[in-house]
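Chemist: Okay, predicted coordinates and the sequence, questions at the end:
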Amino acid sequence: MSNIADLLKDISGSDNKAVGLLGSFIGTLADLSGGIQAISTLVNLFASNDNAEILAKLSDIQTAIQRDFAALQAETRAANILSRLANLDPAIAQAQAVMDQLPDDLSQTPPVSEEYRLQQIGLCLNAVELLDQDDKWSTNFADEVYYGFNWVDPTTGQSTPTDEWTRLVAPNPNPDGTVFSTRYVLPYYLRVLYDFMLVAAAFEANYSTSYKSPLQRFTARLQTAHDISRQGIVTIRTPTRSEAGVGPPGSATYDVSGPYLDGPIGQSQWHSPFVSSLEFGPIHMSTPPTPEVRQTLDAQYLRGMDDAYFQEYGAVHTYSADSNISHYPVVLLPTVAPDVYWGQFSAKLSLANRRNWKEVYADVGLATVWTTINALRDLTGDPPLGTFDPDAVWTLREINQILGTAFGNPPVLVPPAISAADVISRLAMAGGAPSNRPLSLRSALSAALSAATVTSVQIDVP
């Protein structure tokens, strides 16, 4: 993808490194709810080394916004965002003051008074409350830069979409011009929540019971943020049958009249993916290339493009512009009927899109947030969200639903009972391997996904 998309991803990346770090700390604290003595032995570690790393990650977020928005010629937007974010600073400063004092407080002989302990816990609790407000989880739509936005050349004034195929992916603003956002506030919120939990655990053995109600409220806030943010992960535009060179249902031939690898790039065509069995782009071959050779040739072609929109697919996080975009390999003219090919192509593309969706889900920190919510629910005695996060892992049921009837053998209705052997067999077919080849689920899934992707390692320019 373009450098602009990479810059937007970089901004989100700084934010999510802090989310991942803080989420793991909160999970650890939730597991260490056994009393003051167990917590006290870890205070110096949490309050010094890890605290410094947290502050560094939070500082990286501001640096990324200033640097990358400058590269986008959007300094005013960056200034507005940083000004809004400055309103979050009092909460973290309040909690930080308590954290700085905590090691000394715990070393006092005789111990500090109950009144003092409650006061320090209250200061951290108030810090979380300051960020547990709806307005802290929104931003001004006009200030943000979203995926595919129109970049204006400062010299010519010419406006160009940063992704010709997908175009803009952005949320719909509220009537007052605001939109939901977790940028910066999520790591801040996790930071002060972590401070509150650490101080409360250090000063009160049964803090999870004493402060159950606020902990449940804070967990509910994280759940709301997780759910809204998750809904904002969308699959980018996928090609229609005609855009992919496949005729209407029932057609007997393929449309090979569209542009090939050297054709024009634009929004109107995903690119006809078919080439003659004796020709591959600019290279004439006496025999069809192997999959490995085709991958290499695809990658070589993409390296030569300024903005690689060729046969792209993937997922975008609407609220942050974080994206995971891939490219579908060039396809030799299929030997199966168009309807059969379209079903198999759609299943493989859907499987690859789901992979990219899962990667964005992890990239924006939602897998960490899900785990953190589960740890907090366990701490407060509430039922867990589940034994595993279905958006972070692959299941046989999910893969079975995606493949549908495309790779049945014969291609008829999928058996109602989910069989690991059946799913692996169909994945093997999607990956171009014989259906009876002995493969593990992991290797079969990897083969199917590789068959739908020009690998990023090959695309990268040395």
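Modeler: Perfect, thanks for sending it.

Chemist: contacting residues for Val336?
Modeler: Residues in contact with Val336 (CB atoms under 8 Å, 6 or more residues apart in numbering) are Gln344. No exception for glycine: its C-beta is placed from N, CA and C like everyone else's.

Chemist: pLDDT score assigned to it?
Modeler: What the model reports as pLDDT for Val336 is 88.

Chemist: Could you look up the SS state of it?
Modeler: Here Val336 is coil, with the state taken from DSSP: H, G, I helix; E, B strand; the rest coil.

Chemist: going forward, begin numbering at 33 instead of 1
Modeler: All set: I'll call the first residue 33, so the last point we hit is now Val368.

Chemist: Quick check: phi and psi on it?
Modeler: Phi and psi for Val368, reported as degrees, to the nearest 10, are phi -100, psi 170.

Chemist: Kindly list the longest helix within the protein.
Modeler: Counting by DSSP state H, the longest helix found in the chain is helix 35-63.

Chemist: Just the buried residues of it, please?
Modeler: Using 16 or more other CB atoms under 10 Å as the test for burial, helix 35-63 gives 36-37, 39-41, 43-59, 61-62.

Chemist: do the same with stretch 478-485
Modeler: For stretch 478-485, a neighbour-count test (16+ other CB under 10 Å) marks 479-485 as buried.

Chemist: quick one: it to chain centroid distance?
Modeler: Put simply, stretch 478-485 sits 20 Å off its chain's centre (CA atoms, centre = their mean, to the nearest Å).

Chemist: What distance do you get for Trp402 to Ala424?
Modeler: 7 Å (CB to CB, to the nearest Å).

Chemist: between the two, which one's more packed in?
Modeler: More crowded of Trp402 and Ala424, by other CB atoms under 10 Å: Trp402, with 23 against 14.

Chemist: quick one: that one and Phe420 touch, right?
Modeler: No. Look at Trp402 against Phe420 with CB atoms under 8 Å: they stay out of range, at 9.5 Å.

Chemist: Please tell me the pLDDT value assigned to the residue nearest to Phe235 when sequence neighbours are not counted.
Modeler: Distance criterion CB to CB, 6 or more residues apart in numbering; nearest residue to Phe235, sequence neighbours excluded, is Arg149 at 3.9 Å. According to the prediction, Arg149 has pLDDT 95.

Chemist: centre of the chain versus the host helix or strand of Arg149, how much separation?
Modeler: Per DSSP states H and E, Arg149 falls inside helix 146-163. Put simply, helix 146-163 sits 34 Å off its chain's centre (CA atoms, centre = their mean).

Chemist: what does it rub up against?
Modeler: The contact list for helix 146-163, computed with CB under 8 Å, 6+ apart, reads 120, 122-124, 126-127, 129-130, 133-134, 137, 168, 217, 220-221, 224-225, 227-228, 231-232, 235-236, 239, 243, 246, 250.

Chemist: rewinding a little: list the helices and strands the longest helix of the chain packs on?
Modeler: On a contact count with 3 or more CB pairs under 8 Å, 6 or more residues apart in numbering; DSSP states H and E, helix 35-63 meets helix 83-103, helix 217-235, strand 355-359, helix 370-395, helix 398-411.

Chemist: again, only using 10 Å
Modeler: Here helix 35-63 touches helix 68-76, helix 83-103, helix 217-235, helix 244-263, strand 344-349, strand 355-359, helix 370-395, helix 398-411, going by 3 or more CB pairs under 10 Å, 6 or more residues apart in numbering; DSSP states H and E.

Chemist: what residues are shared contacts of Trp402 and Ala424?
Modeler: Shared contacts of Trp402 and Ala424, defined by CB atoms under 10 Å, 6 or more residues apart in numbering, comprise Tyr393.

Chemist: wait, is Asp421 part of a strand?
Modeler: No. Asp421 is assigned coil when assessed by three-state DSSP, not a strand.

Chemist: if I look at it, how far off is Asn385?
Modeler: Asp421 is 19 Å from Asn385, where distance means CB to CB.

Chemist: hey, least reliable of the helices and strands packed on helix 35-63 by pLDDT?
Modeler: Lowest mean pLDDT within those: helix 68-76, a mean of 58.

Chemist: so what's Ile260 closest to, chain neighbours aside?
Modeler: Distance criterion CB to CB, 6+ apart; nearest residue to Ile260, sequence neighbours excluded, is Phe212 at 5.4 Å.

Chemist: State the phi and psi torsions of the one you found.
Modeler: phi -60, psi 150.

Chemist: what's the angle from the longest helix of the chain to strand 355-359?
Modeler: With axes from the mean of the first three to the mean of the last three CA atoms, to 10 degrees defining the directions, helix 35-63 sits at 130 degrees from strand 355-359.

Chemist: And the average pLDDT for helix 35-63 is what?
Modeler: 78.

Chemist: next one: it to chain centre, how far?
Modeler: With CA atoms, centre = their mean, you get 10 Å for helix 35-63.

Chemist: Could you do stretch 371-390 as well?
Modeler: Here stretch 371-390 shows a centroid-to-chain-centroid distance of 19 Å under the convention CA atoms, centre = their mean.

Chemist: Just the buried positions in it, please.
Modeler: Neighbour-count burial for stretch 371-390 flags 371, 373-390 (criterion: 16+ other CB under 10 Å).

Chemist: Before I go, just wanted to say thanks for your time.
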